[in-house]
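Enquirer: here are the coordinates; sequence isn't available:
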């Protein structure tokens, strides 16, 4: 963090073995019990901020045993929280990329599918991560094993990840800070949800994802916290909603939609995200009589009560 705010590019920090690689070393050394203990207060903070369902991604283990331990930790926490587990293929090893991708496709993904440890597979398509063709192989393996797919794309460079997501029918594509007219048009013409992460813009100083242009073009936009140690230490869904209005130029109503029904669609869920007959009774009560305090308030929590399936939590 100190290096980044001093002006060192993230790619350089990564090349030095810092950033996500530092997080991966620590995660790889942790057992399931420790991972559960570390995750619980983060999930409690998200729920207090208004999140009734949370997607939790692996991706910080690199080796397959560590990835599975992360997914086991998510499974253990599902007795306390409404969680959607995703297997994230995040960054490649420094050597043996082709062998690693092959092992992901033929060993890790089929094993995760057999144990029902995840509902989807995500892959980071970026110059410092996986190529479009590597991503295609991984995502097709996921589909062949009955799992949904999604991508991280266009965070630093638009190299074709968004177009791949739309081509393969991905549930969502996350980040999009580097998306341009071609990527916006592809998303608008697809059913793939464009998940913007304004906390990343704030924390890393990246350009904001083109939320306004995506909505104007007809794309479905969701908002996420991207709570992670490297690029978005945002422990509040409400704060992410507020940032989407300020940084990505969503209206308050659009931001509310992005954090509810569109966010559910980004997870492939149709039983929550709207206050309509037949839906789960997941809802919030605010301290204020005006719902627009959700995007307005900064530095305090406007959420008074959180209800999941009609029960206060």
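Expert: Perfect, thanks for sending it. Quantities reported herein were computed from a predicted structural model and do not represent experimental measurements.
Enquirer: Tell me where the stretch 101-250 of the chain has helices.
Expert: Assigned by DSSP state H, counting those that start in this stretch, the helices in the stretch 101-250 of the chain fall at 109-115, 132-144, 161-168, 181-188, 198-204, 211-217, 237-247.
Enquirer: Is it possible to get a markdown table of these that adds distance to residue 64?
Expert: To be clear about C-beta, it is placed using only N, CA and C from the backbone, and glycine gets the same treatment. Shown next, in a markdown table, are these (distance: least, CB to CB, whole Å):
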| stretch | distance to residue 64 |
| --- | --- |
| helix 109-115 | 8 |
| helix 132-144 | 14 |
| helix 161-168 | 23 |
| helix 181-188 | 32 |
| helix 198-204 | 27 |
| helix 211-217 | 35 |
| helix 237-247 | 31 |
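Enquirer: Just want the most central residue of the chain.
Expert: Note on the chain: the residue nearest the mean C-alpha position is residue 226, at 5.1 Å, using CA atoms, centre = their mean.
Enquirer: For that residue, what are phi and psi?
Expert: In terms of degrees, to the nearest 10, the main-chain angles of residue 226 are phi 50, psi 40.
Enquirer: Any figure for the gap between it and residue 275?
Expert: 26 Å (CB to CB, to the nearest Å).
Enquirer: do residue 296 as well
Expert: Where residue 275 is concerned, residue 296 sits at a distance of 21 Å (CB to CB).
Enquirer: what about the two, which has more around it?
Expert: Neighbour totals were compared for residue 296 and residue 275, and residue 296 leads with 13 against 10 (other CB atoms under 10 Å).
Enquirer: which residues sit in contact with the more buried one?
Expert: 242, 252, 302 (CB atoms under 8 Å, 6 or more residues apart in numbering).
Enquirer: Could you do residue 212 as well?
Expert: 248-250.
Enquirer: possible to save the helices of the stretch 101-250 of the chain as CSV with mean pLDDT?
Expert: Listed next are the helices of the stretch 101-250 of the chain as CSV, based on pLDDT from 0 to 100:
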stretch, mean pLDDT
helix 109-115, 98
helix 132-144, 98
helix 161-168, 98
helix 181-188, 98
helix 198-204, 96
helix 211-217, 98
helix 237-247, 98
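Enquirer: out of these, nearest to residue 80?
Expert: Residue 80 lies closest to helix 237-247 among the helices of the stretch 101-250 of the chain, at 17.4 Å (CB to CB).
Enquirer: by contact count, what packs against the helix or strand of the chain with the lowest mean pLDDT?
Expert: Ranking every helix and strand in the chain by mean pLDDT, DSSP states H and E puts helix 10-15 at the bottom, with a mean of 79. For helix 10-15, the elements it packs on are helix 2-5, judged by 3 or more CB pairs under 8 Å, 6 or more residues apart in numbering; DSSP states H and E.
Enquirer: Now the helix it packs on: buried residues?
Expert: By neighbour count on 16 or more other CB atoms under 10 Å, the buried set for helix 2-5 is residue 4.
Enquirer: That one - contacts with which helices or strands?
Expert: helix 10-15.
Enquirer: And the contacts of the helix it packs on?
Expert: Applying CB under 8 Å, 6+ apart, the external contacts of helix 10-15 come out as 3-4, 19-21, 128, 156, 204, 230-231.
Enquirer: could those be laid out in JSON lines, adding distance to residue 95?
Expert: Below are those laid out as JSON lines (distance: CB to CB, whole Å):
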{"residue": "3", "distance to residue 95": "25"}
{"residue": "4", "distance to residue 95": "26"}
{"residue": "19", "distance to residue 95": "18"}
{"residue": "20", "distance to residue 95": "17"}
{"residue": "21", "distance to residue 95": "14"}
{"residue": "128", "distance to residue 95": "15"}
{"residue": "156", "distance to residue 95": "22"}
{"residue": "204", "distance to residue 95": "27"}
{"residue": "230", "distance to residue 95": "22"}
{"residue": "231", "distance to residue 95": "25"}
